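Novice: next come a sequence and a model predicted from it.
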Amino acid sequence: MVMDSRKIPREWARSDIILLYKKGDPTDVGNYRPISLQPSMYKLFASCLERRLSKYTEEYQPVEQAGFRRGFSTIDHIHALDMIIEKYIDQNCPLYLGFVDYAKAFDTISHKSMWQALGECNVPYEIIELIQNIYQQSVSRVKLDRIGPEIKICRGVRQGDPLSPRIFITVLQSVMKTLQWEKKGIEINGQYLSNLRFADDIVIFSNSATQLQDMLNELVCASKSIGLEMNTSKTKVMTNSKERPIFVNATSLEYVQNYIYLGKQISFSQNRHVEETNRRVNLAWNKYWALKEVLKSNHNLTIKRTVMDTCILPCLSYGCQTWIFNKALIKKIGVCQRAMERSILQLKLKDKIKNKVIRSRTKIKDVVTYTKRLKWKWAGHIGRICDGRWVKKTLTWKGPVGRRKRGCPPKTWEDDIKGIAGKNWKIVASNRDKWKNLEEAFTPSEVEYKCKT
């Protein structure tokens, strides 16, 4: 009925907007994200419509875009970026990275650009008209201490609507394809990589500051056509070479030594892996103390175990698929987890209770086994994929033409895998059963840690 009339019931058109705090100064309204609370029936209908819409728009998305796409994750781009940095450092070649930040990206794109982008993807007119009517009918109320009056939303997509992510990446792609970047960026095995995107989180690659400045200014001009405005105060530049001034809209962009990209700290530092591990440990402890009312209470140990495995462990291990495992890293994350276990059981080091005894009581997932298993599965996934993703291209790439520094080369991401599956591990990974059997050799069932006081 809705598909035939191309109009939604009036009850579906209403939504309440709440503000979710992100980070920063809580008194600054800019640090809050508006989320639309919509009727459950509408969200169910919109989810079905999104699946139909994706059949037309998905084929227009390049592998550079990993956001809101089935089969993609943040790890795709994090790992690709890690591989690029690893090989540029190894060959001692200059690399410039531009991390783009848009001001309120989802809230500012024009509705006209939405319909145009969907039309370019050959989406049937009936579906476009239905989505147009959804936006024309929709009214919202801001819900704070009380509910405000109904207002019409004339710009942006509604955050919380199942259709919004799909529409946004479609509009963004309509802009990116207008840029003449075919021969810009960095060359990898004869192909140029100019950018990687996860929704509106964009990183731009270049071998020179001049080219990066040109690319950023071209992106600014193209983005304005759909209502997107680059936030120059939050857009950052990183390099392993000379920090030459880069201007966008007559504003000089700031160079940084590290940047949090898709949840992982990126840098050119030789100790970047150690720094990221330390950061993850600190984040895990912050999460632990945020949940202290459960973990330090008299709740059943089963509840605490569930919280540890579902909340703390993912926080501690995020991005572990890209880690380079060594004794120091294994000890660091293991000591962190053991300390949390003792805290839960209200034990101290001076009690001299063995780790095996503590684990037999908590029965939580071992962080080392868990992280190494995730890396092994990710390596197998990379070995099997054949859809042209940059994560595989950067892995097989030998790096730019440069000159290595003297001395023994540092351990690489592949070394862990080669130690078990050999140099031709990508061929081995194509056999799922054989790869599964090798997993046991890579992931020990239990690891003992000697905790030093």
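Specialist: Yep, it's here.

Novice: show me the helices in the stretch 351-453 of the chain, by range?
Specialist: Along the stretch 351-453 of the chain, the stretches classed as helices by DSSP state H, counting those that start in this stretch are 355-362, 367-384, 390-396, 413-421, 425-429, 432-442.

Novice: need those in JSON lines with mean neighbour count, can you?
Specialist: Every C-beta, even on glycine, is put in place using the N, C-alpha and C of the backbone. Formatted as JSON lines, those follow (neighbours: other Cβ atoms under 10 Å):
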{"stretch": "helix 355-362", "mean neighbour count": "14"}
{"stretch": "helix 367-384", "mean neighbour count": "20"}
{"stretch": "helix 390-396", "mean neighbour count": "20"}
{"stretch": "helix 413-421", "mean neighbour count": "17"}
{"stretch": "helix 425-429", "mean neighbour count": "17"}
{"stretch": "helix 432-442", "mean neighbour count": "13"}
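
Novice: any chance of those in a markdown table, plus mean pLDDT and distance to Asn300?
Specialist: Below are the helices of the stretch 351-453 of the chain laid out as a markdown table (pLDDT from 0 to 100; distance: least, Cβ to Cβ, whole Å):
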| stretch | mean pLDDT | distance to Asn300 |
| --- | --- | --- |
| helix 355-362 | 94 | 12 |
| helix 367-384 | 96 | 22 |
| helix 390-396 | 96 | 41 |
| helix 413-421 | 94 | 38 |
| helix 425-429 | 95 | 41 |
| helix 432-442 | 93 | 32 |
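
Novice: on the three-state scheme, the nearest residue to Met238 once chain neighbours are set aside is what?
Specialist: Residue nearest to Met238 in three dimensions, not counting chain neighbours: Leu97, with 4.6 Å by Cβ to Cβ, 6 or more residues apart in numbering. Of the three states, Leu97 takes strand under DSSP: H, G, I helix; E, B strand; the rest coil.

Novice: for Gly319, see how far away the nearest residue to Ile226 once chain neighbours are set aside is.
Specialist: Nearest residue to Ile226 in three dimensions, chain neighbours excluded: Ser113, at 3.9 Å (Cβ to Cβ, 6+ apart). Applying Cβ to Cβ, to the nearest Å, the value for Ser113 to Gly319 is 34 Å.

Novice: mind giving me the domain split of this protein?
Specialist: 2-264, 270-453 (automatic domain parsing).

Novice: mind listing what Asp98 touches?
Specialist: For residue 98 the amino acid is Gly, not Asp. Val203, Ile204, Ser206, Leu212, Met215, Leu216, Thr235, Lys236, Val237, Ile246, Leu253 (Cβ atoms under 8 Å, 6 or more residues apart in numbering).

Novice: ok, Gly227 next?
Specialist: Here Gly227 is in contact with Thr108, Ile109, Ser110, Ser113, Arg155, Gly156 (Cβ under 8 Å, 6+ apart).

Novice: can you do 7 Å?
Specialist: If you count contacts by Cβ atoms under 7 Å, 6 or more residues apart in numbering, Gly227 has them with Thr108, Ile109, Ser110, Ser113, Arg155.

Novice: same question, Ala46
Specialist: Asp161, Pro162, Leu163.

Novice: can you rerun that using 6 Å?
Specialist: Pro162, Leu163 (Cβ atoms under 6 Å, 6 or more residues apart in numbering).

Novice: same thing with Val157?
Specialist: Phe106, Ser164, Ile167, Phe168.

Novice: how about it, nearest residue that isn't a chain neighbour?
Specialist: Ser164 (3.9 Å).

Novice: check the gap between that neighbour and Ser15 for me.
Specialist: 12 Å.

Novice: the residue nearest to Ile226 contacts Ser225, correct?
Specialist: No - if you go by Cβ atoms under 6 Å, Ser113 and Ser225 don't touch, sitting 7.2 Å apart.

Novice: more neighbours: which of these two?
Specialist: Ser113 (19 against 13; other Cβ atoms under 10 Å).

Novice: so that one sits in a helix?
Specialist: Yes - counting by three-state DSSP, Ser113 is found in a helix.

Novice: do you know how far it is from Ser174?
Specialist: Counting by Cβ to Cβ - Ser113 and Ser174 are separated by 7 Å.

Novice: what's the neighbour count on the residue nearest to Pro409 when sequence neighbours are not counted?
Specialist: Excluding its sequence neighbours, the residue lying closest to Pro409 (Cβ to Cβ, 6+ apart) is Asp90, at 6.4 Å. Using other Cβ under 10 Å, Asp90 is surrounded by 17 other residues.

Novice: how about the one 10 residues further on?
Specialist: Taking other Cβ under 10 Å as the criterion, the count of residues near Val100 is 25.

Novice: from what I can see it touches Lys236, true?
Specialist: No - using Cβ under 6 Å, Val100 is not in contact with Lys236, being 9.0 Å away.
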